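**Q** please work out how this folds:
(2 chains)
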Protein chains: 2
Amino acid sequence: MFEWLDSLIRQTNPAVSVHPSPALRSLPTSQPADQAAVRRSNLALVLRHLGARGSRSRAGIAADTGLNKATVSSLVAELVERGLVREGEPHRAGSVGRPGRGVELDGRRVGGIGVEINVDYLTALVLDLTKTVLFEQRVALDVQALPPEEVLDAVAELTSRAVRECARRGVLPVGVTIAIPALVDVEGGVVAFAPNLHWRDVPVVRGMTDRLAGLLARYPMPVRMANDANLGALGEYAMGGVAGTPDLVYLAGEIGVGGGVIVGGRLLGGAEGFSGEIGHIQLDPAGPDCGCGRRGCWETLVGMAGMLRLAADADDPVSDPSLDLEQRMDMIRRRAETGDRRTLDALGKVGAGLGVGASILINVFNPGVVVLGGYFASLGPFLLGPMTAELRARVIAPDIGGCRVELSRLGFAAASRGGANVALEAVLDDPALVPLLSAARSSG
Amino acid sequence: MFEWLDSLIRQTNPAVSVHPSPALRSLPTSQPADQAAVRRSNLALVLRHLGARGSRSRAGIAADTGLNKATVSSLVAELVERGLVREGEPHRAGSVGRPGRGVELDGRRVGGIGVEINVDYLTALVLDLTKTVLFEQRVALDVQALPPEEVLDAVAELTSRAVRECARRGVLPVGVTIAIPALVDVEGGVVAFAPNLHWRDVPVVRGMTDRLAGLLARYPMPVRMANDANLGALGEYAMGGVAGTPDLVYLAGEIGVGGGVIVGGRLLGGAEGFSGEIGHIQLDPAGPDCGCGRRGCWETLVGMAGMLRLAADADDPVSDPSLDLEQRMDMIRRRAETGDRRTLDALGKVGAGLGVGASILINVFNPGVVVLGGYFASLGPFLLGPMTAELRARVIAPDIGGCRVELSRLGFAAASRGGANVALEAVLDDPALVPLLSAARSSG
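**A** Below is the predicted model:
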């Protein structure tokens, strides 16, 4: 059921080859290859190649890929007709002969939309094919306090803004992916259970397609949903500071704690897509009560709610969910920087708790890097010291198994970026999804 | 560094395709394919195909694989010359024409050797290419009480017996893989740390190749080493009751607790091969002291040593490491079957502890199945009830995320079977590793 995420992750980063090994590539197929599938696959190959290599002559593409030049010319012509590739600067392949005319990825035709529903904010984001942010808006919303239907009204409104911004710029929206802190039935588009939103069995995707019916009739595109931390891990793997690290654990500090894991360059999905539920690892059977009904869960110690209980009173503005999240985290960071004892004590405890829980994941996964996202990234400089001390005491492998701990540069924006990438990957996998410009002009 | 395990696991089970998708298979390569590599790859394709399909005519192989008939005939001839394939029964491909002459895998030429070093026993095992056990011997040995050099003497002696048994049967030994409950530097062949053996930085592979130098000169073959639970997971995935389940968590109840995880059909290796260290997950910061120097580790609750402390006094024969392990477990099982209160209480606590720890792994991995191996399999009927009750209370996903808990049918023999399979896989990957029979006859 996780195929669209699964196939994506092998291909999100150009460092991860989509090619089988050379020896296998020349093996014959056991059934006759579908010519249309080969064509689509070759279109994708050329498009990804240009995305990874930049401007390139047709002869250069032929040499790089082994496709013959006539095929490359035909593929490039189709990609140009679909608005995904444009003629670029002349490109001199060698010292003799005519310079080849270069072509390059034209990222401006299509936009992928990533939407995030979190406990106290919504985000919508548009990325073009060059991963440039065309639109990004975050609104504070006390999601816990509202019925799901009202939340979806607000999400649909924000998503519409993203779609309209695409239209204004002449960008074709190619997909919406919704990130949410929940156990998600990816195939059905249903939130099975979201403890921190108090949602259970909410058909989010249907709710969104109903609300966006008018826009979706005009811009037909898939609407999908996945767990926010899984999409955050994809975002880090695709565009973060450690992009391309094949064994990566992503920890998102939100109201709760989410986890997403990249194993050997692929998102850990699990048998039913329910992997990465790390927030409720019980660290202490005598610990505080958790919203999930259990006790001593990791997120009671290190989730934002737990951190705020330690660092501030309930009427402190840093605890006010109607204020912007990054502003609230900035306030806490400034207090820590000025040496406020309560803040520093709180962050020391949270950092140590992060180390206790992360040591379990490092013992299990032996990742090359742990990326701290969400509010962990905002307050990272005060968390890393106590966290690393616990890791050194608790990880069995020598030198923490070679694992580094890095602060996310994407922060709260990783999940929506992962979602937008999922939408774009569909086009990179099958460029023929994008209509010919001539067809678009005649119908539009 | 984990490449040999990594490439193996994709190919261990015929259910896991080694083919790229049809569309990609016909893509050209970006560098000219090496003809010798293509030949080797095609030899492997035919050999694996016969292993999966049984007897097949040359024409049938050509139809199944898309290779042309002349190529298939040449490949089959080479495999026959290498003693890996034999002529079989005539095979009628269709209703008209001559019946094709069938060929089939000949598993008897080569043997893979799996060796296990555990806390109180050693095992050596020979599997032929049809996964038939040709030799299996377990000896009780109090490994903790001996210096590593003496242990390696005993391991080498047992391995020599396995090699000599191969020779007696005319089977060519193709590799030795040593399983050990340790953090293993796979590339260097060194035990970095084995808390339950009290070993640190022991160059086991070099110690073995030194001791086996005479035999290895006669039968040149690789000697490798890996963590026992990782090899146990491979054994279950290759030959266990749940073989081929792509998302599988294997838990081995030994003196400690080991874990191996198959993710999407591949062994979870980690960035440096140190994954699966689950025995030291801290379940209770106020729990009993662990051999690793920490407190409340999972294995203090559910490792065999912990179970024995609950179930029996130190002078009870079930606690005597010089007796055969399965006999000791049989004694405990009989006590439980006759309603012995202390035994039942102990197994109830161990089962519940298994559920507490396994719930973490199920929340993280969402596996399709958890396989209980080692002593957990021996005493499984008394562990499953309390374990499942904890899983139902602690796993976040509905219905335990669809996960089943199964008892291993391989029991204590999973790791050595995984090791023997690793040795055989090298031949299935590259049949040309096996010398031509004519060369073997002329040189031998």
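
**Q** C-alpha only now, for contacts and for neighbours.
**A** Fine.

**Q** chain neighbours aside, what residue packs nearest to A:G380?
**A** A:L407 (6.4 Å; Cα to Cα, 6 or more residues apart in numbering or on different chains).

**Q** give me every residue that touches the one you found.
**A** Contacts for A:L407 (Cα atoms under 8 Å, 6 or more residues apart in numbering or on different chains) come out as A:V371, A:L372, A:G373, A:F376, A:A377, A:G380.

**Q** make it 10 Å
**A** A:240-242, A:250-251, A:370-374, A:376-381, A:384 (Cα atoms under 10 Å, 6 or more residues apart in numbering or on different chains).

**Q** from those residues, which land in helices?
**A** A:F376, A:A377, A:S378, A:G380, A:P381, A:L384 (DSSP state H).

**Q** low-confidence ranges in chain A?
**A** For chain A, applying pLDDT under 70 flags the ranges A:1-35, A:89-100, A:440-444.

**Q** quick one: the strands in the stretch 301-444 of chain A?
**A** Applying DSSP state E, counting those that start in this stretch to the stretch 301-444 of chain A gives strands spanning A:369-374, A:404-407.

**Q** quick check: which of those is buried the most?
**A** Mean neighbours per residue, mean count of other Cα atoms under 10 Å in any protein chain shown, is largest over these for strand A:369-374, with a mean of 27.

**Q** show me what that one is packed against.
**A** helix A:228-239, strand A:248-253, strand A:257-263, helix A:341-365, helix A:380-394, strand A:404-407, helix A:414-429 (3 or more Cα pairs under 10 Å, 6 or more residues apart in numbering or on different chains; DSSP states H and E).

**Q** let's see 7 Å
**A** For strand A:369-374, the packing partners by 3 or more Cα pairs under 7 Å, 6 or more residues apart in numbering or on different chains; DSSP states H and E come out as strand A:248-253, strand A:404-407.

**Q** direction included, what does it pair up with?
**A** Strand A:369-374 pairs in its sheet with strand A:248-253 (parallel), strand A:404-407 (parallel), by DSSP bridges.

**Q** neighbouring contacts of it?
**A** A:248-254, A:403-408, A:411-412 (Cα atoms under 7 Å, 6 or more residues apart in numbering or on different chains).

**Q** buried among the residues you listed? Make that a PyMOL selection.
**A** Per 16 or more other Cα atoms under 10 Å in any protein chain shown, the buried members of these correspond to this PyMOL selection:
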select buried, chain A and resi 248+249+250+251+252+253+254+403+405+406+407+408+411+412
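
**Q** how many neighbours does the closest residue to A:G241 other than its chain neighbours have?
**A** Among residues not flanking A:G241 along the chain, A:R409 sits closest, at 6.3 Å (Cα to Cα, 6+ apart). When neighbours are counted by other Cα atoms under 10 Å in any protein chain shown, A:R409 registers 19.

**Q** ok, A:R409 to B:I362 distance?
**A** Remark: distance between A:R409 and B:I362 (Cα to Cα, to the nearest Å) = 30 Å.

**Q** over to A:G411?
**A** As for A:G411, its distance to B:I362 is 27 Å (criterion: Cα to Cα).

**Q** does A:V186 touch A:V223 like I think?
**A** No: with contact defined as Cα atoms under 7 Å, A:V186 does not reach A:V223; the gap is 10.9 Å.

**Q** could you name every residue contacting both of those two?
**A** Counting by Cα under 7 Å, 6+ apart, nothing touches both A:V186 and A:V223.

**Q** wasn't A:S73 part of a helix?
**A** Yes: assessed with DSSP: H, G, I helix; E, B strand; the rest coil, A:S73 lies in a helix.

**Q** where does A:T300 fall, secondary structure wise?
**A** helix A:298-302 (DSSP states H and E).

**Q** so how far is that helix off the chain centroid?
**A** Computed by Cα atoms, centre = their mean, to the nearest Å, the separation of helix A:298-302 from the middle of its chain amounts to 23 Å.

**Q** stretch A:394-406 too?
**A** Chain-centre distance of stretch A:394-406: 25 Å, with Cα atoms, centre = their mean.

**Q** so what would you say the end-to-end distance of that stretch is?
**A** First-to-last distance for stretch A:394-406 - Cα to Cα - comes to 19 Å.

**Q** quick one: the residue lying closest to A:F376 once chain neighbours are set aside and A:G303, what's the gap?
**A** Spatial nearest neighbour of A:F376, excluding adjacent residues (Cα to Cα, 6+ apart): A:G253 at 5.3 Å. As judged by Cα to Cα, A:G253 and A:G303 stand 6 Å apart.

**Q** so what sits against both of these two?
**A** By Cα under 7 Å, 6+ apart, no residue touches both A:G253 and A:G303.

**Q** quick one: the helices in the stretch 151-300 of chain A?
**A** Assigned by DSSP state H, counting those that start in this stretch, the stretch 151-300 of chain A shows helices spanning A:204-211, A:213-218, A:228-239, A:298-302.

**Q** next, work out how far apart the closest residue to chain B within the stretch 51-200 of chain A and A:R48 are.
**A** Among the residues of the stretch 51-200 of chain A, A:T65 lies closest to chain B, at 4.2 Å counting by Cα to the nearest Cα. Remark: distance between A:T65 and A:R48 (Cα to Cα) = 11 Å.

**Q** out of the two, which sits in the more crowded spot?
**A** More crowded of A:T65 and A:R48, by other Cα under 10 Å: A:R48, with 22 against 19.

**Q** which ones are touching the more buried one?
**A** Residues in contact with A:R48 (Cα under 7 Å, 6+ apart) are A:L428.

**Q** state the three-state secondary structure for it.
**A** Under three-state DSSP, A:R48 falls in the helix class.

**Q** for A:D106, see how far away it is.
**A** From A:R48 across to A:D106, the span is 12 Å (Cα to Cα).

**Q** repeat for A:V427
**A** Separation of A:V427 from A:D106 (Cα to Cα): 13 Å.

**Q** run a quick neighbour tally on the residue of the stretch 101-250 of chain A found nearest chain B.
**A** Closest contact between the stretch 101-250 of chain A and chain B, by Cα to the nearest Cα, is at A:D247 (6.0 Å). Neighbours of A:D247 under the rule other Cα under 10 Å: 25.
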